[in-house]
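When you get a sec, could you give me coordinates for this:
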Amino acid sequence: MTGVLAAVALSAAGVNVCVLEAATVGRGSTAASSALLLQEPDYGMRELARRYGAATSVRMWQLSRSAGRDFITLMRRLRIACDLEMRPAIYYASDSEAEQRLRAEFKMRTSAGFDAKWLGPRALRETTGIAGRAAIRTSGNAQFDPWKACCGLVRTAVTNGARVFERSRVTRIVQTGTGVRLHTKSGRIDAARVVIATGYATPYFRPLAGKFRLFHTYVLATEPLSERQRREVGLSRVMTWDTARPYHYSRWTADHRLLLGGGDRPVRSGQRRDYRRARDLQDVRHHFERLWPALSDVHISSAWEGLFATTPDSLPYIGPHARYPNHLFALGYGGNGMTFSFLAARMLVEQWHGEESPDHRLFRFARVR
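Numbers count the residues shown, from 1 in each chain. Here you go, the predicted structure:
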């Protein structure tokens, strides 16, 4: 998704673009995503304020909000058929300590002018069927089918003049007098610059690996639920996620399935992968059955594991790195990858044309030491 959005933005700006995809467009982490298009970063405004100061925290949130809204606008303008639906997001706390933190977060958001509505235990239960302490409700979020969205966007990039090559893994990048030369098994490409949109530092960029932590995430999809079953669950047409870490999230699909995800685990070596995946998926199911007991009788039709990278502050790295001339990076999107992918595409166009902005510094590599 990140590479395709960059291709759409750059080709629309008149840049001669070539996309090199190691596998096929829209697969991997994009297809595995639950595609919650949230305006809010993984880290709350208070958490970012403690790290960077209140003004910087507010600006990071403003950029995330505008990226989410503008991504939705783009999908609608392009009329990409991807089951795009607007959905409020419910961010809820399950215990008293989490409720206190959530209330402080709510006050900071509203003081900064962000849309937020406080839900007490009764309103939370009526909206979601969840017996929690409190929640923040925000509007302006959306959900969609990530694979359909990615395919629609790559068609837009091609219409703009971009060339797309699947099954074209880059094996080597060499500096030249005028830019970079990218080698694949079947050929090479000379370019002024290259955008690296691989999600995290691949072995080719091993010196950057310490700036990321890799996680497995897990998603379950139920069978389509009848109207009676949906009433028993009690979840209205909203998206939910909780204050716990690792957090869990849920949403309805267009055909009345529940997508249930989260329970992220760090990638570790030395474990039997099949055993670990089965165990962690079962943990996610048990979590949601405790939340909504009616799910205990519901069949899970699909379950899968995804891989993503996060950074120490759960914000992406966007822009150049001194070690790699003529490279621009868009990496480490965390759990809010769709929104940050769009933000990265926007900033990459600015950087490609040599524009400087204080906002660029917020997402540079050097902010994390």
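
Mark out where each domain of this structure begins and ends.
2-31+147-206+313-367, 85-143+213-310 (automatic domain parsing).

and the ones you listed as TSV, adding mean pLDDT, distance to S66 and mean neighbour count?
Bear in mind the C-beta positions are built from the backbone N, C-alpha and C, glycine included. TSV is the format used below for those (pLDDT from 0 to 100; distance: least, CB to CB, whole Å; neighbours: other CB atoms under 10 Å):
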stretch	mean pLDDT	distance to S66	mean neighbour count
domain 2-31+147-206+313-367	95	8	18
domain 85-143+213-310	95	11	17
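
what's the host helix or strand of M60 packed up against?
According to DSSP states H and E, M60 maps onto helix 54-78. The contact analysis (3 or more CB pairs under 8 Å, 6 or more residues apart in numbering; DSSP states H and E) places helix 54-78 against strand 36-37, helix 45-52, strand 134-143, helix 146-159, helix 337-352.

Figure out which of the ones you listed is closest to F205.
With CB to CB as the measure, helix 337-352 is the member of those nearest F205 (16.2 Å).

Please enumerate the helices of the protein.
2-12, 29-32, 45-52, 54-78, 96-111, 121-128, 146-159, 227-233, 273-291, 337-352, 358-361 (DSSP state H).

Save the ones you listed as TSV, and put in distance to V298 too.
Shown next, in TSV, are the helices of the chain (distance: least, CB to CB, whole Å):
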stretch	distance to V298
helix 2-12	34
helix 29-32	21
helix 45-52	35
helix 54-78	30
helix 96-111	27
helix 121-128	17
helix 146-159	23
helix 227-233	7
helix 273-291	9
helix 337-352	27
helix 358-361	44
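
out of the ones you listed, nearest to A254?
helix 146-159 (10.7 Å).

re earlier: tabulate the helices and strands packed on helix 54-78 (CSV), appending distance to Q62.
Output for these, formatted as CSV (distance: least, CB to CB, whole Å):
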stretch, distance to Q62
strand 36-37, 17
helix 45-52, 10
strand 134-143, 13
helix 146-159, 24
helix 337-352, 11
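
For the closest residue to D283 other than its chain neighbours, list the residues it contacts.
Spatial nearest neighbour of D283, excluding adjacent residues (CB to CB, 6 or more residues apart in numbering): G263 at 5.6 Å. Residues in contact with G263 (CB atoms under 8 Å, 6 or more residues apart in numbering) are T217, Y218, P246, H248, D280, D283, V284, H287.

now swap in S29 and tell me
G199, G306, L307, F308, G337.

if we can go back for a sec, so which of the helices of the chain is nearest P325?
helix 337-352 (13.6 Å).

quick one, the closest one and strand 134-143 angle?
Orientation check (axes from the mean of the first three to the mean of the last three CA atoms, to 10 degrees): helix 337-352 against strand 134-143 gives 60 degrees.

And helix 337-352, what does it pack against?
helix 2-12, strand 36-37, helix 54-78, strand 317-321, strand 324-331, helix 358-361.

rerun at 7 Å
helix 2-12, helix 54-78, strand 317-321, strand 324-331 (3 or more CB pairs under 7 Å, 6 or more residues apart in numbering; DSSP states H and E).

Would you reformat those as CSV and include distance to A254?
CSV is the format used below for the helices and strands packed on helix 337-352 (distance: least, CB to CB, whole Å):
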stretch, distance to A254
helix 2-12, 22
helix 54-78, 15
strand 317-321, 32
strand 324-331, 29
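
between the ones you listed, which gets nearest to Y204?
Across those, closest to Y204 is strand 324-331 (CB to CB), at 10.2 Å.

what lines up beside that closest one in the sheet?
Strand 324-331 sits in its sheet next to strand 194-199 (parallel), strand 317-321 (antiparallel), going by DSSP bridges.

Could I get the buried residue list for the helix holding M60?
For helix 54-78, burial by neighbour count (16 or more other CB atoms under 10 Å) applies to 56-61, 63-65, 67-69, 71-72, 74-75, 78.

Nearest to A123 among the helices and strands packed on helix 54-78 would be which one?
Per CB to CB, nearest to A123 of those: strand 134-143, 7.8 Å.

what angle separates that closest one from helix 96-111?
Per the same axes, to 10 degrees, the angle that strand 134-143 makes with helix 96-111 is 60 degrees.

quick one on the thing from earlier: which one of the domains of the chain lies nearest to A49?
In terms of CB to CB, the element of these nearest to A49 is domain 85-143+213-310, at 7.2 Å.

Excluding residues flanking it in the chain, which one is nearest W292?
That would be V233: by CB to CB, 6+ apart, it lies 4.9 Å from W292.

same check, this time on A32
Nearest to A32 is G306, by CB to CB, 6+ apart, at 3.5 Å.

contacting residues around the one you found?
Remark: with contacts taken as CB atoms under 7 Å, 6 or more residues apart in numbering, G306 is in contact with S29, A32, S33, T217, V219.

what's the farthest-apart pair in those residues?
Pairwise over the contacts of G306, using CB to CB, the maximum falls at S29 and V219, 11.5 Å.

The residue nearest to W292 and P293 touch, don't they?
No. Using CB atoms under 7 Å, V233 is not in contact with P293; the gap is 9.2 Å.

Return the residues in contact with S111.
Contacts of S111 (CB under 7 Å, 6+ apart): none.

So it versus I300, what's the distance?
According to CB to CB, to the nearest Å, S111 stands 42 Å off from I300.

and if you look at I196?
36 Å.

what do you get for A197?
To I300, A197 is 32 Å away according to CB to CB.

Any idea how far stretch 73-80 is from the middle of the chain?
With CA atoms, centre = their mean, to the nearest Å as the basis, stretch 73-80 stands 19 Å off its chain's centre.
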